[in-house]
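**Q** only geometry, no sequence info:
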Ligand SMILES: NC(=O)c1ccc[n+]([C@@H]2O[C@H](COP(=O)([O-])OP(=O)(O)OC[C@H]3O[C@@H](n4cnc5c(N)ncnc54)[C@H](OP(=O)(O)O)[C@@H]3O)[C@@H](O)[C@H]2O)c1
C-alpha cells in the first residue's frame with residue numbers, strides 16, 4: 001500500500017463516538033494506529049460551538065475525519081466546516097476526509113468550502129444510512145411498530161456505514177484516495193415499506209411503514225418531545241431531499257474498495273443479532 005502521510009501521528013476523528021466516527025476510530029485502533037476522538041467528551045475536548053477547542057484538537061494530528069454535527073444542512077454548518085478545514089490546513093494537517101450528504105445543496109456548498117482551503121481532500125458523499133433505523137431517529141419508529149415518515153413511496157439506496165467506515169479508513173491511511181469524490185449508496189433502492197418488511201423479518205417484530213404528511217410528521221415529533229431544531233432539520237430533509245433525486249444506486253463503494261456494498265438484509269440481520277431492536281418503545285406509540 002502506498003502511504004504518504006505520517007500514520008504514526010494521530011488521526012483526529014470528529015464525531016468519534018457517533019455512528020460513523022466510532023466505527024472509524026475502532027478500525028484505526030484495531031490496526032494499531034493512533035486516534036484522537038474529536039468530540040465534547042474527547043481529550044482534549046472538541047466542540048463545534050467553541051472555536052477555541054479547534055486548534056488544540058488539531059495539534060500534532062496527521063489527518064482528520066471531518067463529520068459535522070448535527071448536519072451540514074443546519075445554519076452555520078457550511079461556514080464552520082470551511083473555517084475548521086482552513087485552520088487544519090494552516091496547522092499542518094491538510095489531509096481531510098469529509099463526510100458529505102448526497103443530493104443536499106448545503107452539503108455540496110460545504111464540500112466547496114473545504115476544497116477551497118487547498119486541503120488534500122477525499123469526499124464521502126453518502127446517501128442515508130441504514131443505521132438510522134437502529135442507532136438514530138428511526139429506531140423509536142421501529143420499536144413502536146410503525147415507521148411514520150413523510151417519504152411516500154420514494155425509494156432510497158441506503159448505505160451500510162460499516163462500508164463508509166471501511167472507505168474512510170482506506171482514505172485516511174492511503175494517499176491514492178486524495179482528490180477523489182465517492183458518491184456512496186448501498187446496492188439496492190428500497191422504499192420505507194421495503195425496509196419495514198426486511199426489519200420485521202430480521203427482528204421478529206411487527207413493523208410497518210405508514211406514510212404521513214410533512215405537517216403530521218412535524219406535529220408527531222414535537223408531541224414526542226423532539227427538539228424544535230431537530231424537527232426543523234428533519235422537515236427540511238424530508239421536504240427537500242426525498243423527491244426521488246437520490247433513488248439511483250452508484251458504484252462508489254466498488255470504486256473505493258474494489259468490492260460490492262453490504263445490503264440491507266445483511267445489515268438488518270446484524271443489527272437484530274446485536275439486539276438493536278430488543279427494547280420496548282419509549283413513546284408507547
Ligand atoms: N444520517 C444519515 O443518513 C446521513 C447521511 C449522509 C450524511 N450524514 C451526515 O453525517 C454527519 C453526522 O455523522 P454521524 O451520523 O456519524 O454522527 P452522529 O452519530 O450524529 O454524531 C454524534 C457525534 O457528534 C458529537 N457531537 C455532538 N455535539 C457536538 C458538538 N457540539 N461539537 C462536536 N461534536 C459533537 C458526539 O460526541 P459528544 O457527545 O462527545 O460531543 C458524537 O461523537 C452529519 O454531518 C450528517 O449531515 C448523515
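**A** Great, that's in hand. In this text the structure is predicted, and so the values were computed from the model without any measurement. Residues are numbered from 1 along each chain as shown.

**Q** where along the protein do the helices fall?
**A** 19-30, 54-58, 77-90, 105-115, 132-135, 139-144, 161-173, 192-203, 214-223, 228-240, 252-257, 264-273 (DSSP state H).

**Q** mind checking how far residue 177 is from the ligand?
**A** 18 Å (C-beta to the nearest ligand atom, to the nearest Å). From N, CA and C alone the C-beta is placed, and that goes for glycine too.

**Q** Tell me which residues touch the nearest residue to that residue once chain neighbours are set aside, please.
**A** Distance criterion C-beta to C-beta, 6 or more residues apart in numbering; nearest residue to residue 177, sequence neighbours excluded, is residue 171 at 3.9 Å. Residue 171 makes contact with 97, 122, 124, 177, 180, 256, according to C-beta atoms under 8 Å, 6 or more residues apart in numbering.

**Q** Pop out the phi and psi values for the residue of the chain found nearest the ligand.
**A** Using C-beta to the nearest ligand atom, the single residue of the chain nearest to the ligand is residue 18, 2.7 Å away. Backbone torsions for residue 18, taken as degrees, to the nearest 10, come to phi -90, psi -170.

**Q** Do I have it right that it meets residue 40?
**A** No - Residue 18 is beyond contact range of residue 40, at 11.2 Å (criterion: C-beta atoms under 8 Å).

**Q** More neighbours: these two, which one.
**A** residue 18 (19 against 14; other C-beta atoms under 10 Å).

**Q** Tell me which residues of the lowest-mean-pLDDT helix or strand in the chain come out buried.
**A** Ranking every helix and strand in the chain by mean pLDDT, DSSP states H and E puts helix 228-240 at the bottom, with a mean of 91. Buried residues in helix 228-240, counted by 16 or more other C-beta atoms under 10 Å: 231, 233-238.

**Q** Residues touching it, excluding its own?
**A** 70-71, 73-74, 104, 137, 149-151, 214, 217-218, 221-222.

**Q** Please repeat the previous calculation with a cut-off of 6 Å.
**A** 71, 73, 150, 214, 218, 221-222 (C-beta atoms under 6 Å, 6 or more residues apart in numbering).

**Q** out of the residues you listed, which are buried?
**A** 71, 73, 150, 218, 221.

**Q** so which of those also contact the ligand?
**A** With C-beta under 6 Å from any ligand atom as the criterion, the members of the buried ones among the contacts of helix 228-240 in contact with the ligand are residue 71.

**Q** Can you redo the buried ones among the contacts of helix 228-240 as CSV, where the extra columns are pLDDT and distance to residue 25?
**A** Shown next, in CSV, are the buried ones among the contacts of helix 228-240 (pLDDT from 0 to 100; distance: C-beta to C-beta, whole Å):
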residue, pLDDT, distance to residue 25
71, 94, 20
73, 92, 25
150, 95, 34
218, 96, 34
221, 92, 30
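
**Q** Tell me which two in the buried ones among the contacts of helix 228-240 are the farthest apart.
**A** Pairwise distances across those peak at 17.2 Å for 71 and 150 (criterion: C-beta to C-beta).

**Q** Neighbours of residue 38, how many?
**A** There are 31 residues near residue 38, going by other C-beta under 10 Å.

**Q** gap between it and residue 144?
**A** 33 Å (C-beta to C-beta, to the nearest Å).

**Q** Over to residue 5?
**A** When C-beta to C-beta is applied, the distance between residue 5 and residue 144 equals 46 Å.

**Q** what's the answer for residue 41, then?
**A** 29 Å.

**Q** Ok, residue 173 next?
**A** Distance from residue 173 to residue 144, counting by C-beta to C-beta: 41 Å.

**Q** Between those two, which is the more surrounded one?
**A** residue 173 (21 against 18).

**Q** State the pLDDT value of residue 2.
**A** At residue 2, the pLDDT value in this model is 51.

**Q** what are the phi and psi values for the closest residue to residue 244 other than its chain neighbours?
**A** Among residues not flanking residue 244 along the chain, residue 154 sits closest, at 5.3 Å (C-beta to C-beta, 6+ apart). Main-chain torsions, residue 154, degrees, to the nearest 10: phi -70, psi 130.
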